[in-house]
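Chemist: Quick one, fold the following:
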Amino acid sequence: MGQRGHGKSRGLTFFYEKGNENHLIGTGFFVHHRIVLAVKRVEFASDSVLYKVLRGRSCNIIVRNVFSTNEEESYNSKDSVYEELEQEFNLFLNTM
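Modeler: As a prediction, the model looks like this:
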């Protein structure tokens, strides 16, 4: 996995993972400063899958981000992304 971090700018916090050494793969998300304290956990499961757990009033809110291939990618590449997503989802369910 690549370099992880966060930075602040204009009332937003950006959580990111840079991915490979060429920065061709990576993912991240912005959180508004009003709710950044609600972020309990950020997990970068892989170069293309991440999730964040937000503290809610009555329950936690889980938001998943997935970077996927487009229509021009090969079927093998798409299948591997779907398999990875399914594995991560099952792992996530087993830890809850």
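Chemist: Skipping adjacent residues, who's closest to Lys40 in space?
Modeler: Val53 (4.5 Å; C-beta to C-beta, 6 or more residues apart in numbering). In short, each C-beta sits where N, CA and C put it, glycine included.
Chemist: sec struct for that neighbour, please.
Modeler: Here Val53 is recorded as strand under DSSP: H, G, I helix; E, B strand; the rest coil.
Chemist: What residues does it make contact with?
Modeler: 39-42, 60-62 (C-beta atoms under 8 Å, 6 or more residues apart in numbering).
Chemist: at 6 Å instead, please
Modeler: 40-41, 60, 62 (C-beta atoms under 6 Å, 6 or more residues apart in numbering).
Chemist: Most neighbours among the residues you listed, which one is it?
Modeler: Ile62 (15 neighbours; other C-beta atoms under 10 Å).
Chemist: if we can go back for a sec, got the contacts of Val53 as a markdown table, with pLDDT and distance to Asn94 columns?
Modeler: Below are these laid out as a markdown table (pLDDT from 0 to 100; distance: C-beta to C-beta, whole Å):
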| residue | pLDDT | distance to Asn94 |
| --- | --- | --- |
| Lys40 | 91 | 19 |
| Arg41 | 88 | 16 |
| Asn60 | 88 | 17 |
| Ile62 | 84 | 14 |
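Chemist: Secondary structure for these - can I get that in JSON lines?
Modeler: Listed next are those as JSON lines, based on three-state DSSP:
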{"residue": "Lys40", "secondary structure": "strand"}
{"residue": "Arg41", "secondary structure": "strand"}
{"residue": "Asn60", "secondary structure": "coil"}
{"residue": "Ile62", "secondary structure": "strand"}
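Chemist: Show me the residue sitting in the middle of this protein in space.
Modeler: Leu50 (1.9 Å; C-alpha atoms, centre = their mean).
Chemist: Looking at strand pairing, list the partners for that residue.
Modeler: Bridge pairing for Leu50 (DSSP bridges) gives the partners Phe44, Asn65.
Chemist: separation between it and Asp79?
Modeler: 21 Å (C-beta to C-beta, to the nearest Å).
Chemist: Same question for Thr27.
Modeler: Counting by C-beta to C-beta, the gap from Thr27 to Asp79 is 20 Å.
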